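1. Just to be clear, the model below is a prediction. Sequence and coordinates:
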Amino acid sequence: MTSDADDATGDGSSPEPRVETPVERAAAYLLDVDETTVERLPVEVAQEVPGNAARQVVALACQKAGDLVVDPRTVLTWVMSSVGAPAAVVGLLVPVRESGSLLPQAAISGFVRRRRIRKWLWVAGAAGQAVSVLAMAILAATTSGALAGWGILGALAVFALARSLSSLTSKDVLGRTMPKGTRGQVTGTATVASGAVAITLGAALRAFGGDDAQVGTLAVILGAGALAWVLAGGIFATITEQAGEVEVPDDDRGSALTLLRTDRDFRRFVIVRTLLLVSALSPPFVVALATEVGGAGLAGLGPFLISSGLASLLGGRFWGNLADRSSRLTMALAAGGATLVIVGLLLALRVEALREATLLYPAAYLLLAIAHTGVRVGRKTYVVDLAEGNQRTDYVAVSNSAMGVLLLVTGALTSAVAVFGIEVALAVLAGLGLLGAVASRTLPHVSQDAR
């Protein structure tokens, strides 16, 4: 127990109670916080949990809103079509965006571990993403053809590199500032907020987009995305983070192969994460099927953005709360759900009337997006809860770098299979998802209520 003297200030008076802002009170209302886990945080961080939760929710929501307009599966594909970019460039969008943000992380993890405060690295990454997206907007508005296509792809590569820094440090900051049992809720709430933005944008495009791909409109959308990252960086900079330990890694510590070879539980997680790619790789094939039926005008883009938004709105909080109870179960249910959606779509495509129904594809995309939200929230929460301290940085960096390689390999294989038809590629991905659902249940339980 503490004495009265412990609660008093140096002059014998009681300390002034801290006044929470309305945003902090809202965050405290939204989050189900176990006070015993808060007590494990440093005192100066523990008292800032509501404020830090609010700041991270808003910053991550802004980031996710920006991600919406740089999605290679939807918006960037429409941008490339509107500027007349070569088909080869369009095919490189997903690999450059995803692998470019994952591959560098093992290489930069040592640099991150040398920093006692990690939030500024996230802010720097957000600034780099903002500049890159602004460059895309300018290129879309002022150039066309191969020049526009390759220029936008180059800006996307820079974007991906900046994203790798933010991706690596965001989980570090989340682990340092939020206790177990709340981390999935923070990610899930941010996902819900970004979903509202996606629905609004998608509805506007559906209502006013028309049947043509309008370059000016797309450039404005990209410019708004750049602004979203500026706001995200400014808000993230206000997070209260305690200075952590500094570590200068040796060569062994920084070796991805060493960590994968020696850490059994981590190696199993990376393998399972590979099997969960079903929800990431299947949506482009659904969009491709849709363009064959309904064309590629801006109005056609609207339903897919609405689907993305609804997925975030419907799935964010649900998956976040479930991930705090059992992140491995979250991954298993999400992967299994994605598999069922693909199987259902393949069966529907056997019926000619359903195959020509334009709403079939946004509906399938919606369900896949809900599943993908669960996969993302589940795996992010799992890797944060699996490790502590600087080990968390290693886990995130190595798993993401390994996934960059595995994504390229898996993406290449599914693309090769797609030569025999999009439906064949989807069937292969469904099989992958089934394996992922089963394998997720075999992972060690690391969530707050682990038993």
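-> In hand now; what should we look at? Numbers count the residues shown, from 1 in each chain.

2. The closest residue to residue 166 other than its chain neighbours and residue 356: what is the separation?
-> Spatial nearest neighbour of residue 166, excluding adjacent residues (CB to CB, 6 or more residues apart in numbering): residue 125 at 3.2 Å. The C-beta positions use only the backbone N, C-alpha and C, and glycine is treated the same way. Residue 125 sits 44 Å away from residue 356, going by CB to CB, to the nearest Å.

3. quick one, what contacts the residue nearest to residue 166?
-> Applying CB atoms under 8 Å, 6 or more residues apart in numbering, we find residue 125 in contact with 162, 163, 164, 165, 166, 167, 169.

4. Surely the first one and residue 129 touch.
-> Yep, that's residue 162 we're talking about. Yes: using CB atoms under 8 Å, residue 162 makes contact with residue 129 at a distance of 4.8 Å.

5. More neighbours: which of the two?
-> residue 129 (30 against 22; other CB atoms under 10 Å).

6. Flag every buried residue along the helix or strand where that one lies.
-> Per DSSP states H and E, residue 129 falls inside helix 119-142. With burial defined by 16 or more other CB atoms under 10 Å, the residues of helix 119-142 counted as buried are 119, 121-123, 125-141.

7. taking the mean pLDDT, what do you get for it?
-> Helix 119-142 shows a mean pLDDT of 92.

8. Likewise for stretch 50-67?
-> 82.

9. same question, stretch 409-426
-> Average pLDDT, stretch 409-426: 80.

10. distance between that stretch and the chain's centre?
-> Distance of stretch 409-426 from the chain centroid (CA atoms, centre = their mean, to the nearest Å) equals 24 Å.

11. distance between the ends of it?
-> 16 Å (CA to CA, to the nearest Å).

12. which secondary element of the chain has the worst mean pLDDT?
-> helix 35-38 (a mean of 54; mean pLDDT, DSSP states H and E).

13. Could you list the buried residues of stretch 353-371?
-> Residues of stretch 353-371 classed as buried: 360, 361, 362, 363, 364, 365, 366, 367, 368, 369, 370, 371 (neighbour count, 16+ other CB under 10 Å).

14. Please apply the same query to stretch 435-442.
-> Neighbour-count burial for stretch 435-442 [16+ other CB under 10 Å]: 435, 436, 437, 439, 440.

15. So what's the gap between it and the chain middle?
-> Worked out by CA atoms, centre = their mean, stretch 435-442 lies 21 Å from the chain centre.

16. What's the mean pLDDT across it?
-> According to the model, stretch 435-442 has a mean pLDDT of 92.

17. Can you tell me what sits against it?
-> 268, 271-272, 274-278, 328-329, 331-333, 335-336, 339, 378.

18. now for the helix or strand residue 394 falls within, which elements pack on it?
-> Residue 394 is part of helix 390-417 when elements are defined by DSSP H and E. Packed against helix 390-417 by the contact rule (3 or more CB pairs under 8 Å, 6 or more residues apart in numbering; DSSP states H and E) you find helix 93-102, helix 105-113, helix 145-177, helix 256-262, helix 264-275, helix 278-281, helix 360-386, helix 422-440.

19. what residue is smack in the middle of this structure?
-> In the chain, the C-alpha nearest the mean C-alpha coordinate belongs to residue 376, at 6.1 Å (CA atoms, centre = their mean).

20. okay, it: pLDDT?
-> 87.

21. For it, give its distance to residue 173.
-> For residue 376 relative to residue 173 (CB to CB), the value is 17 Å.

22. cool, and residue 324?
-> 18 Å.

23. do residue 352 as well
-> On the measure of CB to CB, residue 352 and residue 173 end up 52 Å apart.

24. Look at these two and report which has more neighbours.
-> More neighbours surround residue 173 than the other of residue 352 and residue 173, with 21 against 8 (other CB under 10 Å).

25. What residues does that one make contact with?
-> Residue 173 touches 56, 118, 119, 122, 236, 239, 241, counting by CB under 8 Å, 6+ apart.
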